[in-house]
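In: dropping a prediction and its sequence here:
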Amino acid sequence: MNLIPIPAFSDNYLWLLHDGQRALIVDPGDAAPVLRVLQENGLQLGSILVTHHHPDHTGGVAELHAATGAPVHGPAREAIPEPFQRLQDGDTVQTLGLDFQTIDVPGHTAGHIAFYTPEMDGRPLLFCGDTLFSGGCGRLFEGTPAQMLASLDRLAALPGNTRVCCTHEYTLGNLRFALAVEPDNEELIGYHARCAALRDQGRPTLPTSLAQELLINPFLRTRQATVMEAARRFDPAAHDDNTVFAAIRQWKNQFK
């Protein structure tokens, strides 16, 4: 299997997975770069997976469906281009010989889903849309801090070697904030240096892994003493899981 992050817009990745003949695409906000990669590699598009309704994730869906006939699979509770198979927690999409499980992860949007397969070339694979980023998480446009924390908890419970395919190259900005939260986190300091080197070479920082994120991502570490203390410095009212998470999210929203 080949996993390709196709750059789009200013910082999106449209994830394409293929076996040399057939392919799937995740969150195609723009059809043109996807059609180009399919043509260049002689691939037939077999499935279109959509995590949520935002235009930078759905803008190319209709054109790709019309051009290829590939079925569209997306969140049952969100409006995305018809026709599509409506998915909710626990549903499975079978494509490329893999079973992708649907995980409900509300927070960024109300009906956001993720796609997870337990084994792809010997390792699990997660397409998480805008729920989880390397060093960060999505803004809460439609959900609550409690919902997003619960969603991130579900993803954090997956195996540590899971490859995490985030849909934006936000890593360096997220890590600047993470370092403000945990300036003495040695793993974070080293990871920031490695990611900066990748970007200097014009290479993506993604996919990441869950094991890596658990060591450096403040939104997966809100129960760690260092992150809790930082949250309380920002908002003295932060006193439990949800309010600590909310404080860290609000801090990130206004971080410059």
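Out: Sure thing, it's come through.
In: tell me which helix or strand comes right after the helix or strand encompassing residue 3.
Out: Following DSSP states H and E, one finds residue 3 within strand 2-8. The element immediately downstream of strand 2-8 (helix or strand, assigned by DSSP H and E) is strand 12-18.
In: send me that next one as CSV with only the CA atoms.
Out: Taking Å, rounded to 0.1, in the frame of the first residue of the first chain, the C-alpha atoms of strand 12-18 are listed here in CSV:
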residue,chain,number,x,y,z
ASN,A,12,-4.4,21.0,3.6
TYR,A,13,-3.5,17.4,3.0
LEU,A,14,-5.8,15.2,0.9
TRP,A,15,-4.8,11.7,1.9
LEU,A,16,-4.6,9.1,-0.9
LEU,A,17,-4.1,5.4,-0.3
HIS,A,18,-3.5,3.0,-3.2
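In: what sits up against that strand?
Out: Strand 12-18 is touched from outside by 1-8, 23-30, 33-34, 37, 41, 43, 56-57, 60, 96, 120, 125, 127, 165-169, 204, 206, with contacts defined as Cβ atoms under 8 Å, 6 or more residues apart in numbering. Using the backbone N, CA and C atoms, a C-beta is placed for each residue, glycine as well.
In: swap in stretch 248-256?
Out: Under the contact criterion Cβ under 8 Å, 6+ apart, stretch 248-256 has outside partners 136-137, 139-140, 145, 148, 176-177, 180-181, 218-219, 222, 227, 230-231, 234-235.
In: run the last query once more with 6 Å
Out: Under the contact criterion Cβ atoms under 6 Å, 6 or more residues apart in numbering, stretch 248-256 has outside partners 177, 218, 222, 231, 234.
In: using CSV, write down the CA coordinates of the helix or strand containing residue 150.
Out: Element membership of residue 150 [criterion: DSSP H and E] is helix 145-156. The C-alpha trace of helix 145-156 is given here as CSV (Å, rounded to 0.1, in the frame of the first residue of the first chain):
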residue,chain,number,x,y,z
PRO,A,145,-14.9,21.0,25.4
ALA,A,146,-16.3,17.9,27.0
GLN,A,147,-17.2,16.4,23.6
MET,A,148,-13.8,17.1,22.2
LEU,A,149,-12.0,15.7,25.2
ALA,A,150,-14.1,12.5,25.0
SER,A,151,-13.4,12.3,21.3
LEU,A,152,-9.6,12.7,21.8
ASP,A,153,-9.8,10.1,24.6
ARG,A,154,-11.3,7.6,22.1
LEU,A,155,-8.5,8.2,19.7
ALA,A,156,-5.8,8.2,22.4
